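# Provided below are the primary sequence and the corresponding predicted coordinates.
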Amino acid sequence: MPEADAPLSARLMVEANLTGHDTHGVRQTSRYVGLVAEGVIRAGAPIEVVRETPATAVLDAKGRVVARLKPFTVGSLESEAQGMAGETPYVRWGNWGILALMAACLLAAGGLQRFELRLAQRAELRHQRRLVGAGHLP
């Protein structure tokens, strides 16, 4: 990679992490370095636009359609994208949220299993009492 491109690449990888896109973030550095060393990626190669295609719809940051072409209409849309900032829940809390949910599920499953065992024991006890009351057991 050309030395002049390194600060931009580093900034983009950090920004990817901060916006929750870990698959393109800092943890990929060793993979990218390996791909460059193997010649799979050519660092510093000029970007060439081979083909541009028009958009048929423009969505805002919340997924709402803000502009669209009528069906079967040939044309293109022009729109400006508004950048977003902030952290995703994953960036904020990492794996803690999913780990807490998994722990709660395991605790609930364990509690349910104990509850079912208690119900089965009580049912067995009632059954034995009925047998004793009917004279089938001493």
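Looks like it arrived, so ask away.
# what about the strands in this protein?
57-59, 65-68 (DSSP state E).
# any idea which of those strands is most buried?
strand 57-59 (a mean of 14; mean count of other Cβ atoms under 10 Å). From N, CA and C alone the C-beta is placed, and that goes for glycine too.
# that older thread, could I get the strands of the chain as a markdown table with mean pLDDT and distance to Leu117?
Below are the strands of the chain laid out as a markdown table (pLDDT from 0 to 100; distance: least, Cβ to Cβ, whole Å):
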| stretch | mean pLDDT | distance to Leu117 |
| --- | --- | --- |
| strand 57-59 | 79 | 52 |
| strand 65-68 | 82 | 54 |
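# tabulate the ones you listed in JSON lines, adding columns for distance to Ile98.
Formatted as JSON lines, these follow (distance: least, Cβ to Cβ, whole Å):
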{"stretch": "strand 57-59", "distance to Ile98": "27"}
{"stretch": "strand 65-68", "distance to Ile98": "31"}
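# so which of those gets nearest Leu106?
Nearest of these to Leu106, taken as Cβ to Cβ: strand 57-59 at 38.5 Å.
# by contact count, what packs against the closest one?
Counting contacts by 3 or more Cβ pairs under 8 Å, 6 or more residues apart in numbering; DSSP states H and E, strand 57-59 is packed against strand 65-68.
# can you list contacts of the strand it packs on?
Thr56, Ala57, Val58, Leu59, Asp60, Leu77, Ser79 (Cβ atoms under 8 Å, 6 or more residues apart in numbering).
# partners of it in the sheet?
Strand pairing for strand 65-68, determined by DSSP bridges: strand 57-59 (antiparallel).
# looking at stretch 93-112 now, give me its mean pLDDT.
For stretch 93-112, mean pLDDT is 84.
# so where's the protein uncertain?
Low-confidence segments of the chain (pLDDT under 70): 49-55, 61, 81-91, 137-138.
# where do the helices of it begin and end?
Using DSSP state H, the helices found in the chain span residues 6-18, 29-38, 89-93, 96-133.
# all good on my end, thank you.
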